[in-house]
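S.K.: sequence and predicted structure, then a few things I'm wondering about:
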Amino acid sequence: MNDQDCREAPVRPAPVRGALRTRAVGSLLALAVGTAPGLAFANFNCTGQVAYLGIDGGGDLTLQLANSTPVHKICNVDAQYNFTNFAVASCKVAYATALSARLAGKTLTIYYNNDQLTCATLPSWQEATSAYFVQGPD
C-alpha cells in the first residue's frame, strides 16, 4: 500500500448558487413575515374552567370559559375555513385539550390576536377567528 491509497477523497464545496438562493428565500420570508398586515394585533388571553364544550355538525369547536367568555367557535375539526390560525390537526388537539380540562375541572387559557375584542366581547355563538393558542389544563 502506498501513500496514494490512503488519501481521503477531496471534499467538494456546496454549490454557491444554492446557498445564495436559500439565503435570498430566507430573507424574503423574513421580510414578508415582518411586513405582513395583521401581525400587529394586540394579543389577549382568556382563562377559566370550560363551562361549555361542543362540536357542531359542521365541525366547529365551540366552547365557553366560565366567568370569562361567551360561547364562541375557535376552530373546525374538519376544514380550516376562516380559522386561519388553526390547522385541522391543531383543532383536534385543541378539542382534546379542552375536553381534558373540562373533565378534570381545570382551567384553560385561550390566546387571541385582535385589538378590537376582549374576553367579554368575543362574538357569541360565532367564529372567533383570532384564536391562535390553547394552553392547559392548569
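M.R.: Yep, that arrived.
S.K.: what about the strands in the protein?
M.R.: Counting by DSSP state E, the chain has strands at residues 43-55, 60-65, 72-76, 107-113, 131-135.
S.K.: what's the local residue count around Ser124?
M.R.: Number of residues near Ser124 (other Cβ atoms under 10 Å) recorded here: 11. No exception for glycine: its C-beta is placed from N, CA and C like everyone else's.
S.K.: for Asn85, that is, sorry about that
M.R.: When neighbours are counted by other Cβ under 10 Å, Asn85 comes out with 19.
S.K.: quick one: contacts for it?
M.R.: Cys75, Asn113, Thr129, Ser130, Ala131, Tyr132 (Cβ atoms under 8 Å, 6 or more residues apart in numbering).
S.K.: for those, which one is nearest Val88?
M.R.: Within the contacts of Asn85, proximity to Val88 (Cβ to Cβ) peaks at Cys75, which comes in at 8.2 Å.
S.K.: and that closest one, how close does it get to Glu127?
M.R.: 9 Å (Cβ to Cβ, to the nearest Å).
S.K.: cool, Gly54 as well?
M.R.: Shown here: Gly54 relative to Glu127, a distance of 14 Å by Cβ to Cβ.
S.K.: quick one, which of those two is more surrounded?
M.R.: When Gly54 and Glu127 are compared for neighbours, Glu127 comes out ahead with 18 against 12, by other Cβ under 10 Å.
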